[in-house]
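# what follows is a protein structure lacking sequence information:
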């Protein structure tokens, strides 16, 4: 979606890369800050229930497309882990980090596959987000099952977390598309 808006403005390749880099950095920063805010307000269960890191990654996928969204999806949990580890309380936990990075990468890639459709019609953000959520959560469950003998995660434990996070997923399935549609309107208005 963003690529279409930048191209329509006739911006140079260098300017496009700069713009996408800044937006990607903002998405990663938001993915680091939102969980911290959620934990301060709601407490420790906020991450599993509300899934605050997912929101900016889903927006990033819809807005930036597959490649840039993938980078934001992978970097979000990694940056969060590095920053919060320096503060003495790593989030996500080291054992969970590779699973979460893979899950958020899937979120970003699947939602990013819809970016051109969303540029044409903002309502495509709804199936983009829902399919990304399904694929991402399925990948997390699949990876947990695959590596169950090597981690403390069990398929049953991850399935329970998925059920606990359903309220966050449902809220984001509505909120993210509305944000993306609003951003699309801004980009279209600015173009005209």
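Looks like it arrived, so ask away. Predicted, not measured: the structure shown is a model, and the values here were computed from it.

# so where is the chain shaky, pLDDT-wise?
190-192 (pLDDT under 70).

# tell me which residue is most central in it.
The chain has residue 57 as the residue nearest its centroid, 1.8 Å off, counting by CA atoms, centre = their mean.

# which parts of this protein are helices?
For the chain, the helices defined by DSSP state H cover 2-8, 13-42, 46-50, 54-64, 66-86, 97-112, 115-120, 125-146, 155-164, 166-191.

# centre of the chain to the longest one, how far?
For helix 13-42, the distance from its own C-alpha centre to the chain's C-alpha centre is 10 Å (CA atoms, centre = their mean, to the nearest Å).

# buried stuff in it?
16, 19-20, 23-24, 27-28, 30-32, 34-36, 38-39 (16 or more other CB atoms under 10 Å). Using the backbone N, CA and C atoms, a C-beta is placed for each residue, glycine as well.

# can you spell out which helices and strands pack onto that helix?
Using 3 or more CB pairs under 8 Å, 6 or more residues apart in numbering; DSSP states H and E as the contact criterion, the elements in contact with helix 13-42 are helix 2-8, helix 46-50, helix 54-64, helix 66-86.

# the inter-axis angle of it versus helix 166-191?
150 degrees (axes from the mean of the first three to the mean of the last three CA atoms, to 10 degrees).

# same question, the fifth one
Note on geometry: by the same axes, to 10 degrees, helix 66-86 and helix 166-191 are set 120 degrees apart in direction.

# for helix 66-86, buried residues please.
Buried residues in helix 66-86, counting neighbours by 16+ other CB under 10 Å, are found at 66, 68-81, 84.

# now swap in the shortest one and tell me
Of the residues in helix 46-50, those buried under the neighbour-count criterion (16+ other CB under 10 Å) are 46-47, 49-50.

# okay if I get the residues you listed as JSON lines plus distance to residue 126?
Shown next, in JSON lines, are the buried residues of helix 46-50 (distance: CB to CB, whole Å):
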{"residue": "46", "distance to residue 126": "25"}
{"residue": "47", "distance to residue 126": "25"}
{"residue": "49", "distance to residue 126": "22"}
{"residue": "50", "distance to residue 126": "20"}
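
# return the member of the residues you listed nearest to residue 163.
Checking these against residue 163 with CB to CB, the nearest one is residue 49 at 10.3 Å.
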